[in-house]
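Colleague: prediction below, plus the sequence it came from.
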Amino acid sequence: TQLLEQSPQFLSIQEGENLTVYCNSSSVFSSLQWYRQEPGEGPVLLVTVVTGGEVKKLKRLTFQFGDARKDSSLHITAAQPGDTGLYLCAGATSGTYKYIFGTGTRLKVLA
Amino acid sequence: DVKVTQSSRYLVKRTGEKVFLECVQDMDHENMFWYRQDPGLGLRLIYFSYDVKMKEKGDIPEGYSVSREKKERFSLILESASTNQTSMYLCASSSTITSDLYNEQFFGPGTRLTVL
């Protein structure tokens, strides 16, 4: 079974700090997605990366896909309380519409 | 606005009861998924359906079955609920496009099931 490990599992930081969340696997993925889930809601897609080494930016969020397409990172600059939530990475292998989800990182940003 | 709806937000059942969780999507998506979400374990795929009446087991299908009689509706069935099935259940749908790039999954709000 493919596994996606995320670290850290929990993160509590002050508003304005920077942070990085990691998503690691021993498997190669054809694409990798990042979702954010807020309490009482389902996950919502933030970004999809498909090329090894690819970097995508979404305002203060920077996503990177590892060169070997086995890992990814999410960096948040100057975190805000609105960034609070559960961040999930999800990887797919070629030829399938199924994604394997990571274990999740619960982020709390304190005002 | 795209939407995936789930029949209940909260459900409490007793051990041994048969439980139905319903999911409906209005996006004409071919693919539909049922996940369970537990702390520290992320989302784990229970079953996946890529077409009407078609289904495929996910990573943890034991104790569950599914039904997809219409394209927009995907039901998860717990034949005899047990306490270890207490969890958050999430339904999702996605479109069938050749490129993985656009396979965004749209999720419902979840059903928190408690089995006593």
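Modeller: Cool, got the structure.
Colleague: show the contacting residues for B:N103.
Modeller: Residues near B:N103 by C-beta atoms under 8 Å, 6 or more residues apart in numbering or on different chains: A:31, A:48, A:92, A:97, A:99, B:31, B:94-95, B:97. C-beta here means a position set from N, CA and C on the backbone, and glycine is covered the same way.
Colleague: which of those residues fall in strands?
Modeller: When DSSP state E is applied, those are split such that A:31, A:48, A:92, B:31, B:94 fall in strands.
Colleague: so which bits of chain A are right by chain B?
Modeller: Counting by C-beta under 8 Å from any C-beta of the partner chain, the positions of chain A adjacent to chain B are A:1, A:4, A:6, A:9, A:30-31, A:33, A:40-45, A:48, A:50, A:88, A:90, A:92, A:94, A:97-104.
Colleague: dihedrals phi and psi, the residue in chain A positioned nearest to chain B?
Modeller: Going by C-beta to the nearest C-beta, chain B is nearest to A:G42 of chain A, at 2.8 Å. A:G42 adopts backbone torsions of phi -80, psi 160, taken as degrees, to the nearest 10.
Colleague: the nearest residue to it once chain neighbours are set aside: how many residues sit nearby?
Modeller: Nearest residue to A:G42 in three dimensions, chain neighbours excluded: B:F107, at 2.8 Å (C-beta to C-beta, 6 or more residues apart in numbering or on different chains). The criterion is other C-beta atoms under 10 Å in any protein chain shown. On that basis, B:F107 has 23 neighbouring residues.
Colleague: and chain B, which residues reach chain A?
Modeller: B:4, B:9, B:31, B:33, B:35, B:40-45, B:48, B:50, B:58-59, B:90, B:92, B:94, B:96, B:100-110.
Colleague: swap the cut-off to 6 Å and go again
Modeller: B:31, B:42-43, B:48, B:90, B:100-101, B:103-104, B:107-110 (C-beta under 6 Å from any C-beta of the partner chain).
Colleague: which residue does chain B have closest to chain A?
Modeller: Taking C-beta to the nearest C-beta, chain B has B:F107 as its residue nearest chain A, at 2.8 Å.
Colleague: show me what that residue is bridged to.
Modeller: Beta-bridge pairing of B:F107 under DSSP bridges involves B:A92.
Colleague: next, the contact list for it, please.
Modeller: A:42-43, B:90, B:92 (C-beta atoms under 6 Å, 6 or more residues apart in numbering or on different chains).
Colleague: how about B:Y47?
Modeller: Contacts of B:Y47 (C-beta under 6 Å, 6+ apart): B:34, B:55, B:58, B:61, B:66.
Colleague: ok, the second one - how many residues close by?
Modeller: Burial measure for B:K55: 18 neighbouring residues, criterion other C-beta under 10 Å.
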